[in-house]
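A.B. asks: give me a model of this one.
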Amino acid sequence: MRVAVAIPALLSAALLLGACAAPSSSSGPGAEGLSTAVGGKSVAAGSVVPGSAEETDAQRRARIRVELAANYYQEGQLQVALGELGQALAADPANAPAYGMLGLVYMQMGDTPRAEESFQRALRLAPDDADLNNNYGWFLCRNGREREAIDRFGRALRDPLYKTPAKALHNAGICSLRIGDEAGAERYLQRAFQLDASNPVTMFNLSELYLKRRDYDRARFYAQRLLGAFEPVPQTLWLALKIEHALGNREAVASLGAQLRRRFPASPEAGLLAAGRYSD
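C.D. replies: Numbering: from 1, shown residues only. This next block holds a predicted model:
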């Protein structure tokens, strides 16, 4: 069973950073860039399929605790999630998904050393697990270790059975942008879009990338698709408005500006609009 961290109904403020999924109660990222593997084919040697006849009672109890921890993580109840994971590891000390989940929880708590240790222990038990490599890659990217992160995303993508390769691809694209590799970022993000054309972070970053390059028609394509698929937030309205301003489309600028002022009058983007700072 794989428990994916859910995307909020509205893109969060951290979408601007291209970040990955976080507990829905936080102001964290709005992409489905992280997932929690609970069991599965690539956990520790000798592991079994969850719920199979070979699963021991201890493994079953650990699996259930990890599933509960994933749910608490999504709800932002991080201390409760830690308690469940402690019980999971007490039952099954070699449970790779439990250590991987610990890494996510500690990362969300800002405890970088413990997150690093947890991810490393998970990967020693299950070095080829695609979800673990993807999640550890995002941890590395968040901590200024972008090139190591991109290597981890590549390891995740080498798994032919990886069910959500678009996650690792758009994470690799975002990480590439952070080190100034726009060509690499475009390749990763385009591949992510081909696999999952509904991902808002992929669309947002592609639109921003093409706006920066002054490829306004392509930038508009992704911005309009994003606005059409998701409820507008200040960042997406402002992105679309900047593109229309660059194209000289005064009617669209006026319409988007009116929406931004009416719906999000206190947003930084509304302030930028009022100041006419379209290049920000």
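A.B. asks: for the record, mean pLDDT for the helix or strand hosting residue 173?
C.D. replies: Using DSSP states H and E, residue 173 maps to helix 165-178. Averaging pLDDT along helix 165-178 yields 96.
A.B. asks: show me the shaky parts of the stretch 51-200 of the chain.
C.D. replies: Scanning the stretch 51-200 of the chain for pLDDT under 70 picks out 51-53.
A.B. asks: ok, back up a step: give the other helices and strands that the helix holding residue 173 contacts.
C.D. replies: Secondary structure elements in contact with helix 165-178, counted by 3 or more CB pairs under 8 Å, 6 or more residues apart in numbering; DSSP states H and E, are helix 130-142, helix 146-157, helix 182-195, helix 200-212. (Glycine included, C-beta is placed from N, CA and C.)
A.B. asks: pull out the buried residues from the last one.
C.D. replies: Going back to what we said before, that points to helix 200-212. 200, 201, 202, 203, 204, 205, 206, 207, 208, 209, 210, 211 (16 or more other CB atoms under 10 Å).
A.B. asks: so that helix versus helix 182-195, what angle?
C.D. replies: Helix 200-212 runs at 140 degrees relative to helix 182-195, counting by axes from the mean of the first three to the mean of the last three CA atoms, to 10 degrees.
A.B. asks: pull out the CA atoms of helix 200-212 and give them to me as PDB.
C.D. replies: Output in PDB follows, covering the C-alpha atoms of helix 200-212 (Å, rounded to 0.1, in the frame of the first residue of the first chain):
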ATOM      1  CA  PRO A 200      -0.200  22.400 -10.800                       C
ATOM      2  CA  VAL A 201       3.400  22.800  -9.700                       C
ATOM      3  CA  THR A 202       4.700  21.500 -13.000                       C
ATOM      4  CA  MET A 203       2.500  23.900 -14.900                       C
ATOM      5  CA  PHE A 204       3.400  26.900 -12.700                       C
ATOM      6  CA  ASN A 205       7.100  26.300 -13.000                       C
ATOM      7  CA  LEU A 206       6.900  25.700 -16.800                       C
ATOM      8  CA  SER A 207       4.900  28.900 -17.200                       C
ATOM      9  CA  GLU A 208       7.400  30.900 -15.100                       C
ATOM     10  CA  LEU A 209      10.400  29.400 -17.000                       C
ATOM     11  CA  TYR A 210       8.900  30.400 -20.300                       C
ATOM     12  CA  LEU A 211       8.000  33.900 -19.100                       C
ATOM     13  CA  LYS A 212      11.600  34.400 -18.000                       C
END
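A.B. asks: how distant is that helix from the center of its chain?
C.D. replies: 15 Å (CA atoms, centre = their mean, to the nearest Å).
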